[in-house]
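Asks: Here you go, sequence then predicted model.
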Amino acid sequence: LLDYGAGNVRSVRNAIRACGYEIEDITSPSQIDDAKVIVFPGVGSYGSAMKVLKEKGYDEPLRKYLEKRDRPYLGICLGMQTLFESSDEGEFCEGLGVVPGKVIKFDDSKMSVPHIGWNGRIVHQESSVLKHVTSEEDAYFVHSFYAPIIDENKEWVLTSTTYSGQRFISSIQRGAVVATQFHPEKSGTMGLNVLKGFLEAVENGTLDKTTRLDVDDSAETELVKRIVVALDVRTNDHGDLVVTKGDQYDVREQSSDDKTKGNVRNLGKPVQLASRYYSEGADEIA
């Protein structure tokens, strides 16, 4: 795991472990050449990421690791964007230059920026990475900048997505180099299955086996509405976790009954309520 210190990547670690694999952090440039697989879950700004990669001496070993496209790599979000030649984010910043093209910002005069939420994917290649995922499943995005499809990078496009009519690259693959603009670690079962497909393909040697597909250039995806249940969980006076509901942050009963007055309002046990809401169709429980 290439964690350059710009954010919390615990969810990525947990997702990989949930797929049955172990992962260790890269703490020195020499580990890059020794790695069996590199996962780069970049977060933050493009310029800051490239600055840290250069300061820590990771940029050149990473370019060498990626140059022949025969060594397994999975980039997530900024871990995909930094593969491109440059970005308009902040001052002009040079990227790793593995993929042709420039990362640019969504036009906030035509759409709400950032692009945030669950959106679909149009598949451009048949790949083992997507073996356990259907084209109908949506992924979670949160980004203000995107990589447009151009003639020079068409061969890299694994999936594309549209947002308010703007098409962009939502994942790439060429050889063993894979990256996603969406967040697999935040995309529920769909995301876990993307990670599973990638890691299984590394193990069985099928990662670089892809087939180009015919794509309808007029096809579009759209943000989907999801039901998110928010449970306020507190500890009551007996030390039990309960789902409660407060009035101006006051979660204690105001009844005239001396037996319940002043007690933390108890609407049920968190696990049982979460299970109930999930079975009733909730997409996400917070």
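Replies: Here it is on my side, so go on.

Asks: Counting neighbours, what do you get for the residue lying closest to residue 234 once chain neighbours are set aside?
Replies: Closest residue to residue 234 apart from its sequence neighbours, by CB to CB, 6 or more residues apart in numbering: residue 244 at 5.0 Å. Placement of C-beta: from N, CA and C, glycine included. Here the number of neighbours of residue 244 (other CB atoms under 10 Å) works out to 19.

Asks: any idea how far residue 244 lies from residue 236?
Replies: 8 Å (CB to CB, to the nearest Å).

Asks: Name the residues contacting each of these two.
Replies: Taking CB atoms under 8 Å, 6 or more residues apart in numbering as the contact rule, residue 244 and residue 236 both touch 264, 266.

Asks: give the contact list for residue 45.
Replies: 78, 89-90.

Asks: If you rank those residues by neighbours, which is first?
Replies: residue 78 (28 neighbours).

Asks: List the beta-bridge partners for the residue lying closest to that one once chain neighbours are set aside.
Replies: In space, and not counting its chain neighbours, residue 78 is closest to residue 42: 2.8 Å by CB to CB, 6+ apart. Beta-bridge partners for residue 42, by DSSP bridges, are residue 77.

Asks: okay, now residue 42: neighbour count?
Replies: Count around residue 42 with other CB under 10 Å applied: 27.

Asks: Which residues are in contact with it?
Replies: Contacts of residue 42 by CB under 8 Å, 6+ apart are 4, 6, 49, 75-82.

Asks: now do residue 110
Replies: Counted by CB under 8 Å, 6+ apart, residue 110 has contacts 164-166.

Asks: Okay, now the sheet partners of the worst-scoring helix or strand of the chain on mean pLDDT, with direction.
Replies: Ranked by mean pLDDT, DSSP states H and E, the weakest helix or strand in the chain is strand 284-285, scoring a mean of 84. Using DSSP bridges, the strands paired with strand 284-285 are strand 228-229 (parallel).

Asks: And the strands in the stretch 151-286 of the chain?
Replies: Assignment of strands within the stretch 151-286 of the chain using DSSP state E, counting those that start in this stretch yields the ranges 157-163, 166-174, 177-180, 211-212, 228-229, 233-235, 241-243, 284-285.

Asks: nearest to residue 95, of those?
Replies: Closest of these to residue 95 is strand 177-180, at 12.0 Å (criterion: CB to CB).

Asks: Can you pull out the low-pLDDT segments for the stretch 151-286 of the chain?
Replies: 246-249, 255-261 (pLDDT under 70).

Asks: which residues in the stretch 101-250 of the chain form helices?
Replies: Ranges of helices within the stretch 101-250 of the chain are 188-204, based on DSSP state H, counting those that start in this stretch.

Asks: Check the strands of the stretch 151-286 of the chain for me and report the most buried one.
Replies: Comparing the strands of the stretch 151-286 of the chain by mean neighbour count (mean count of other CB atoms under 10 Å), strand 177-180 comes out on top with a mean of 28.

Asks: what sits up against that one?
Replies: Contacts for strand 177-180 (CB under 8 Å, 6+ apart): 66, 69, 71-77, 79-80, 83, 98, 127, 129, 139, 158, 170-173, 194, 198, 207.

Asks: who touches the residue nearest the centre of the chain in this structure?
Replies: The residue lying closest to the centre of the chain (CA atoms, centre = their mean) is residue 183, at 0.8 Å. Neighbouring residues of residue 183 by CB under 8 Å, 6+ apart: 76-77, 139-142, 191.

Asks: repeat for residue 216
Replies: Residue 216 neighbours (CB under 8 Å, 6+ apart): residue 122.

Asks: Please report how far it lies from residue 284.
Replies: 30 Å.

Asks: returning to what we had before: need the contacts of residue 45 in JSON lines with distance to residue 54 and pLDDT, can you?
Replies: Below are the contacts of residue 45 laid out as JSON lines (distance: CB to CB, whole Å; pLDDT from 0 to 100):
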{"residue": "78", "distance to residue 54": "15", "pLDDT": "94"}
{"residue": "89", "distance to residue 54": "16", "pLDDT": "89"}
{"residue": "90", "distance to residue 54": "15", "pLDDT": "73"}
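
Asks: What is the nearest of those residues to residue 108?
Replies: residue 89 (13.6 Å).

Asks: I'd say the closest one and residue 145 touch.
Replies: Yes - in this structure, residue 89 is within contact of residue 145 by CB atoms under 8 Å, at 5.3 Å.
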